[in-house]
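Colleague: Sequence and computational prediction follow.
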Amino acid sequence: MPSVHIGCLGGEGVSSPGTEFVLSLGALDQRVRERLRALDDAAFVRRLWERDATLWTSDPEQADQVRARLGWLALPDSAANEVAQVAALAGRVASEGYTDVVLLGIGGASLAPEVVRTTFGGGEGSLDLHVLDTICPDTVRAVERALDLAQTLFVVASESGTTAETVSLAAYFCDRVQRLEGRSCARRLVAVTTAGSPLAQKAEAESYRAVFVVPDDVGGRFAALSHLGLAAAGLAGIDVRELVRRGQRMAAACGAATAAAENEGVVLGAALAELALAGRDKVTLVCAPPLQAFGAWVEQLIAGSLGKDGKGILPVEGEPLGEPAVYGDDRAFLSIAIRGREPGYLRERLQKLEDAGHPVITLTLADAFDLGAEFVRWEIAVATAAAIIGVNPFDEPNVQESKENTRSVLRMYRRDGLLLREHESLNSSFYAGEARLTGALQELFAQARPGDFVALQAWLAQSPDTSRALEEVRLAIRDGLGLATTVGYGPRYLHSTGQYHKGGPNRGLFLQIVGEPKGDIVIPGEAYTFGTLLEAQSLGDLEALRAHGRRVVRISVGEEARGGLAHIRDAVQSALTALRGEAEDGQAASDKRAQS
């Protein structure tokens, strides 16, 4: 099968030979080549760098909104001047005896820092970076227990300055610090936000330790090389300057004068789009250690940017590789690894998939700092894919819809004191251990068709044990139905795949899995707790899914997530067994009629 090899970065000033980029697309290879020629004919690359909004829309009002979101194209250069501010503050706080820095943020404000944190770890003498992107009370308490609050700096990151999760977490930890020290917490707080936002105004009024400004023409998903993506990592002592330099190199390699077929971001975007248009719209991300968190960042970028207007590409992140037989013809595979650090089994398994006729794309980074280049490559790729598919990649209409539903639930709670478990949306919910759950799952799975997917939405405290239990459930479904599966923790997935769930094609079967915290936490200044807010968000998303005609079952696992998930796994297996029995009985009856 033909492979397209795209030139490496490298060059003077780069400490590595750069990335290797190989596409093995089989019969779709020619379609991608034709698309690249068409992009050249339309002067796509030049128009991209000229910020031509008509690449994505012909509506004048929407074009103005698009132009207001294209500032990410300038970030690789502008960030080079800004990381010095972060480095200076990092030196000061380290000399003052701080030991930890906690990023309070979610979605675009948390995923890029999490990638950098997990990929690089911490250097000797640097601050430990913690990323808190959930309001699950059990997780909030676990992070707090891991800290010495007297030696901790908090980065409050929100592009809009109004993100509910971030604002609530900041209020909680500020209150904890003030109770501990008996004075204002402002010296412990660093704001990362746009100029003039409510967070920026609060930071100025209360004299926060620092404010790092994010350009107001950059959306969170495309902000990896802004302060939103780099400030917390820089404060933890990670060399974000080298990440930015690699990003500059990739931006130059994808510049306005570069032909589409030689443009590393445009080629990837054209390949993703043509795969999707040919029915291969489930891109399975295989991220080798230590790059696993990069898959979550790509997942948000693809799903949030492309999943709308009934269109989109579904990123399948974290699903372990199986044998070719378990996959349908809606799959494509994309592997990301660091040269010399790929697990021994990875190439062998990818080769088996390629031999079976599945498209396979491989990205091999020279070292971890090439992540800076990958941020740029993927942003250009997704913008390119959006132009080809025909969607505006810079809005997220259905994310806002779930937020409005959450606000409505909380207003009812404040007004009537209505217990959330009495909410009308819960009339058809189930408990993990009850017998009727098997029948509900059997009915749900019976609706599955080729090209569908199953999403597990886990409103639970994230932990290795819980993630392993969710993986058992997803693999039982994947292998039993032959469908792509995704797993997302709430509320984090609302800022990622949540847009695709409601705005993309109606091909999803959803299991919303909710738990109960072992101990709740009151949010300072609010009439409700973190647990109440979490449940309101799950209900808001449930209502949005149902309003869009999505097929969904809500299941409660109580306080013991691991045991509840084991019950769900058993119910899934029983439902699949029953479905197979029905299919076999139906086939036998059909054969008997044919014989008679």
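Modeller: Now that the structure is in, tell me what you want to look at.
Colleague: What's the local residue count around Ala261?
Modeller: 17 (other C-beta atoms under 10 Å). In this view, the C-beta of every residue, glycine as well, is placed from N, C-alpha and C.
Colleague: ok, now which ones touch it?
Modeller: 33, 36-37, 40, 267 (C-beta atoms under 8 Å, 6 or more residues apart in numbering).
Colleague: How much space separates it from Gly255?
Modeller: 14 Å (C-beta to C-beta, to the nearest Å).
Colleague: Same list (the contacts of Ala261) but as TSV, adding neighbour count and pLDDT.
Modeller: Shown next, in TSV, are the contacts of Ala261 (neighbours: other C-beta atoms under 10 Å; pLDDT from 0 to 100):
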residue	neighbour count	pLDDT
Arg33	18	96
Leu36	23	97
Arg37	13	97
Asp40	16	98
Val267	27	97
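Colleague: Name the nearest of these relative to Ser496.
Modeller: When these are ranked by distance to Ser496 (C-beta to C-beta), Val267 comes first, at 24.7 Å.
Colleague: Settle this for me: that closest one is touching Arg35, isn't it.
Modeller: No. Using C-beta atoms under 8 Å as the test, Val267 is too far from Arg35 to be in contact (9.6 Å).
Colleague: Name the residues contacting each of the two.
Modeller: Counting by C-beta under 8 Å, 6+ apart, no residue touches both Val267 and Arg35.
Colleague: low-confidence ranges in the stretch 401-550 of the chain?
Modeller: Along the stretch 401-550 of the chain, the parts satisfying pLDDT under 70 run over 415-428.
Colleague: rerun that using 80 as the cut-off
Modeller: 402, 412-428 (pLDDT under 80).
Colleague: Where do the helices of it begin and end?
Modeller: Ranges of helices in the stretch 401-550 of the chain, per DSSP state H, counting those that start in this stretch, are 436-445, 464-481, 498-503, 530-547.
Colleague: Compute the inter-axis angle for the one helix or strand Ala571 maps to and helix 436-445.
Modeller: With elements taken from DSSP states H and E, the one containing Ala571 is helix 561-595. Between helix 561-595 and helix 436-445, the angle comes out at 60 degrees (axes from the mean of the first three to the mean of the last three C-alpha atoms, to 10 degrees).
Colleague: What residues of helix 561-595 count as buried?
Modeller: In terms of neighbour count (16 or more other C-beta atoms under 10 Å), helix 561-595 has its buried residues at 561, 564-576, 578-579.
Colleague: Kindly report the same for stretch 543-559.
Modeller: Neighbour-count burial for stretch 543-559 flags 543-545, 548, 550-557 (criterion: 16+ other C-beta under 10 Å).
Colleague: try stretch 351-359
Modeller: Buried residues in stretch 351-359 (16+ other C-beta under 10 Å): 353-354, 358-359.
Colleague: Now flag whichever of those is closest to Glu159.
Modeller: Pro359 (34.4 Å).
Colleague: so how far is Ala385 from that closest one?
Modeller: Counting by C-beta to C-beta - Pro359 and Ala385 are separated by 14 Å.
Colleague: just Ala223 next, same as before
Modeller: Using C-beta to C-beta, Ala223 is found at 19 Å from Ala385.
Colleague: Inside strands: which ones of the buried residues of stretch 543-559?
Modeller: Judged by DSSP state E, the buried residues of stretch 543-559 include 551-556 as members of strands.
Colleague: wait, which of these is closest to Val514?
Modeller: Distances from Val514 to these, taken by C-beta to C-beta, are shortest for Ser556, at 5.3 Å.
Colleague: my guess is Ala191 is in a strand, correct?
Modeller: Yes. Under DSSP: H, G, I helix; E, B strand; the rest coil, Ala191 sits within a strand.
Colleague: State the pLDDT value of it.
Modeller: Listed pLDDT for Ala191 reads 98.
Colleague: Same check on the one 5 residues further on?
Modeller: The score at Gly196 is 97. That number is its pLDDT.
Colleague: now do the one 3 residues further on
Modeller: On pLDDT, Leu199 comes in at 97.
Colleague: Surely it is within a strand?
Modeller: No. The assignment for Leu199, made by three-state DSSP, is helix rather than a strand.
Colleague: Neighbours of it, how many?
Modeller: 25.
Colleague: May I ask you to confirm that it is in contact with Ala205?
Modeller: No. If you go by C-beta under 8 Å, Leu199 and Ala205 don't touch, sitting 10.8 Å apart.
Colleague: in the stretch 301-450 of the chain, which spans are strands?
Modeller: 314-317, 331-338, 360-365, 430-431 (DSSP state E, counting those that start in this stretch).
Colleague: Tabulate the ones you listed in TSV, adding columns for distance to Leu481 and mean neighbour count.
Modeller: Output for the strands of the stretch 301-450 of the chain, formatted as TSV (distance: least, C-beta to C-beta, whole Å; neighbours: other C-beta atoms under 10 Å):
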stretch	distance to Leu481	mean neighbour count
strand 314-317	14	26
strand 331-338	14	22
strand 360-365	23	23
strand 430-431	19	16
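Colleague: Ser78 is nearest to which of those strands?
Modeller: strand 360-365 (23.9 Å).
Colleague: Pull the distance from that closest one to the chain's centre.
Modeller: Averaging C-alpha positions (C-alpha atoms, centre = their mean, to the nearest Å) puts strand 360-365 20 Å from its chain's average.
Colleague: who does that strand touch, helix- and strand-wise?
Modeller: Other helices and strands packing on strand 360-365, by 3 or more C-beta pairs under 8 Å, 6 or more residues apart in numbering; DSSP states H and E, are strand 20-24, strand 331-338, helix 344-355, helix 371-389.
Colleague: so where is the stretch 1-150 of the chain shaky, pLDDT-wise?
Modeller: Counting by pLDDT under 80, the ranges of the stretch 1-150 of the chain that qualify are 1-18, 122-125.
Colleague: ok, for Arg245, nearest residue in space, not its chain neighbours?
Modeller: Gly372 (6.9 Å; C-beta to C-beta, 6 or more residues apart in numbering).
Colleague: so who does that neighbour touch?
Modeller: By C-beta under 8 Å, 6+ apart, the contact list for Gly372 reads 225, 242-247, 250.
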